[in-house]
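1. Task: produce atomic coordinates for the following.
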Amino acid sequence: MELKKWVDMELELSRKHEEIIMRREALLRGTECYFSSEDLQASSFIVDIRKAEERNENLMRNINESLTNIRRDRNTNSPGFETITKNYWSMVKSIFPVWYEQYTKESDRTFKHSSKPFSDGNDQTVPKASHQSPSNTNKQTDTSIGPNERSDDELPSTSVPPLDLDFITGEDASQEISVKAAATLETNSSLNSSGKVAKKEKRVHYNEEQLSAAARKPIRKPKS
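-> Predicted coordinates for the structure are as follows:
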C-alpha cells in the first residue's frame, strides 16, 4: 500500500519535471529569438546611422555651396550678376514692353531732377526785377506811416481802469459806470475821426451781475 503511494508520487513528480523542462525549453527558444531580433535591429540601426551621416554631410556640402553662390551673386561687380541682370531686364522688356518703356522714362526723369543742385531754406535769393510783372508791382501795399499819422504802438490806451466799488453803491455806482463808459466811447470816436482806424477797439461792458453786486455792497467810509 505504501509502495503504491510512493510509486504514484514518483510518477507525478516525473510528469511535473517534464513539464518544467518543456517550459524551460520554450523560454530558451523565445529568448534566443528575442536576442536574434535585437541583433538584427541593431545592425539595421547601424546602417541607418551611416546613411543619416552621409545625408547630413551632403546637406552641409550643398548649404556651403549655396552660400558661396549667394555671396558671389550678391557682388554687383561680378560677371554673373551682370548676366542675371541683363537676362532679367530682357525678359521684362519682352513680356511687358509698355511698362518697361514707362519705367525707363520715369527713371530718366527722376535722375535729371535729382541731378539739380539742392538749396536749403537758409539760402535767400532775391528775384530779378525783369521777372516781376507791373501788375504784381502795383499790388504791393504801402506800409509807411505819414507825418500826421500815428502808429498802432503810439495810440492811446482805450482800456478803462477797474471800478473802485468800495465807496460807490446804488445810484452812485450806476452813474460812475455810465460816466466811464461814455468816456470810453468818446475816446474811440476821437480815434475814428482822426483818419486812423484802429485794428481793435477796446470797449468795456458791465453786465447785470456787476451792477447788482455794486448796488448791494454796503458803503464804507474812507479813513480820515
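
2. can we go C-alpha only for contacts and neighbour counts from here?
-> Fine.

3. In the protein, what helix or strand scores lowest on average pLDDT?
-> In the chain, no helix or strand scores lower on mean pLDDT, DSSP states H and E than helix 134-138, which sits at a mean of 46.

4. Report the mean confidence score over the longest helix along the chain.
-> The longest helix of the chain (DSSP state H) is helix 2-74. Mean pLDDT, computed over helix 2-74, is 89.

5. can I get the CA coordinates of stretch 66-74 in PDB?
-> Output of stretch 66-74 as PDB, limited to C-alpha atoms (Å, rounded to 0.1, in the frame of the first residue of the first chain):
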ATOM      1  CA  SER A  66      24.600  77.600 -51.900                       C
ATOM      2  CA  LEU A  67      26.100  80.200 -49.500                       C
ATOM      3  CA  THR A  68      29.100  80.600 -51.700                       C
ATOM      4  CA  ASN A  69      27.000  81.100 -54.800                       C
ATOM      5  CA  ILE A  70      24.800  83.600 -53.000                       C
ATOM      6  CA  ARG A  71      27.800  85.600 -51.900                       C
ATOM      7  CA  ARG A  72      29.200  85.500 -55.400                       C
ATOM      8  CA  ASP A  73      25.900  86.600 -56.900                       C
ATOM      9  CA  ARG A  74      25.400  89.400 -54.400                       C
END
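
6. Can you give me the buried ones in that stretch?
-> Neighbour counts over stretch 66-74 (16 or more other Cα atoms under 10 Å) mark residue 73 as buried.

7. quick one: contacts of that stretch?
-> Residues from elsewhere that reach stretch 66-74, judged by Cα atoms under 8 Å, 6 or more residues apart in numbering: 78, 80-81.

8. nearest to residue 54, of these?
-> Distance to residue 54 across the contacts of stretch 66-74 (Cα to Cα) is lowest for residue 80, with 31.5 Å.

9. Count the neighbours of that closest one for me.
-> Residue 80 is flanked by 15 other residues according to other Cα atoms under 10 Å.

10. helix, strand or coil for it?
-> Secondary structure state of residue 80, per DSSP: H, G, I helix; E, B strand; the rest coil, is helix.

11. Before I go, just wanted to say thanks for your time.
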